[in-house]
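1. Have a look; sequence and predicted model below, questions after that.
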Amino acid sequence: MGHAAPVMTDLDVRVWRGDAAGALQRFFVPRGEKQTVLDVVTYIQRRLDPTLAYRFACRVGMCGSCAMMVNGKPRWTCRANVDRVADAGTLELRPLRNMPVIKDLAVDMTGFFEKWQAADGRFVPTSTRDDPIAVVPPSSPERQAADAGIECINCGICHAACDVVAWDPGYLGPAALNRAWTLQNDMRDGDHADRLKAVTRGSGCLTCHSQGNCARFCPNSLNPTGAIAGLKRLAMKAALKGRL
Amino acid sequence: MNGIALRLFVLQRLTALVMVPLVLGHLGVIVYATRAGLSSEAILGRTEGSLFWAGFYGLFVVAAAIHGTIGLRTVLAEMSPLRGRGLDLVVTVFGLLVLGLGIRAVVIVT
């Protein structure tokens, strides 16, 4: 496993190697124009150490698979420009926080997606293909609330940014709750009552402290904190009416 | 209701709602008593035997004890190894202590 011979202008990159008991390994990577963090990781894997494990697919901010911790902050690496995120020519790359590391920069997202299921993050249809297509007025408050949250790409950045997940690993987390909120605002969905029960039991939406790290780091500028606040309002109203 | 988490959440929001006017009233009392330079005798003269002040601060003490205890339970659940019955025992003792001290103070001045 070789390091490139360091040059003055090289990026000084420290990359997490191994599983939870691993350590940082240092690489020197030449700078490039409009270079992204994903370019840096790919350079290391193709030129310096082919055993480096990491995930990516689309490279254009659509698939949500390349997220990792960059200098301590969760970011989508394909759209994280080195000029913007490097700290004095250095990068420290670690696997996403709050998820078990499999190897190097690849984490096990099973628990993350299980929480989507636990939050009833599935659309439950109320009509069949034989029924007329539902008309959802674009200007309705519910449609606008759903619109604000549906561009989630499941990258896990909000989950990694959330301190409440770190304190309470059972907490459903911002992504799953944001998904639940969009479904609660979908007039075609037939699972509103049960979903509200699912997100209010145990470490559900009521656990959120509204710290806003999810909204701060979401690469698509979504606001899961606002979505969770919406779920809390629904829960409060339903509880006071004796429906929960 | 859907489990202990929801009950505590609702109870904490409702006690917060109760405390909003009480906190403002309490701040008003502090400002008035200090600006007017009231002596402790003058304050006690107004509060002793007053059903209004007994009700005002009695309600305040009950709401604050519930609200604060639920908050402490969350903090301990996240920041300490306490869980389950141990956690419930510690916060119940804390809540009763705060409630007892508060009621004692209300009884003494009214």
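-> Everything's here; your move.
2. is stretch A:100-117 up against chain B anywhere?
-> No: contact of stretch A:100-117 with chain B (C-beta under 8 Å from any C-beta of the partner chain) is absent, the minimum separation being 15.8 Å. From N, CA and C alone the C-beta is placed, and that goes for glycine too.
3. measure that stretch end to end?
-> With C-alpha to C-alpha, to the nearest Å as the measure, stretch A:100-117 spans 19 Å from end to end.
4. so how far is it from its chain's centroid?
-> On the basis of C-alpha atoms, centre = their mean, to the nearest Å, stretch A:100-117 sits 11 Å off its chain's mean C-alpha point.
5. do the same with stretch A:80-87
-> Remark: stretch A:80-87 is offset 20 Å from the chain centroid, using C-alpha atoms, centre = their mean.
6. same deal with stretch A:124-143?
-> Between the centre of stretch A:124-143 and the centre of its chain there are 28 Å (C-alpha atoms, centre = their mean).
7. what's next to that stretch, contact-wise?
-> The contact list for stretch A:124-143, computed with C-beta atoms under 8 Å, 6 or more residues apart in numbering or on different chains, reads A:144, A:185-191.
8. In CSV, list the C-alpha atoms belonging to that stretch.
-> The C-alpha trace of stretch A:124-143 is given here as CSV (Å, rounded to 0.1, in the frame of the first residue of the first chain):
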residue,chain,number,x,y,z
VAL,A,124,-50.8,3.0,1.6
PRO,A,125,-53.1,3.4,-1.4
THR,A,126,-56.8,4.1,-0.9
SER,A,127,-57.8,3.5,-4.5
THR,A,128,-57.1,1.1,-7.3
ARG,A,129,-56.1,1.6,-10.9
ASP,A,130,-59.7,1.4,-11.9
ASP,A,131,-60.6,4.5,-9.9
PRO,A,132,-60.2,8.0,-11.4
ILE,A,133,-56.8,9.7,-10.7
ALA,A,134,-56.9,11.7,-7.5
VAL,A,135,-56.8,15.4,-8.0
VAL,A,136,-54.4,17.0,-5.5
PRO,A,137,-54.6,20.8,-5.6
PRO,A,138,-51.0,22.1,-5.9
SER,A,139,-51.9,25.1,-3.7
SER,A,140,-53.4,23.1,-0.8
PRO,A,141,-51.4,23.5,2.5
GLU,A,142,-51.0,19.7,2.7
ARG,A,143,-49.6,19.4,-0.8
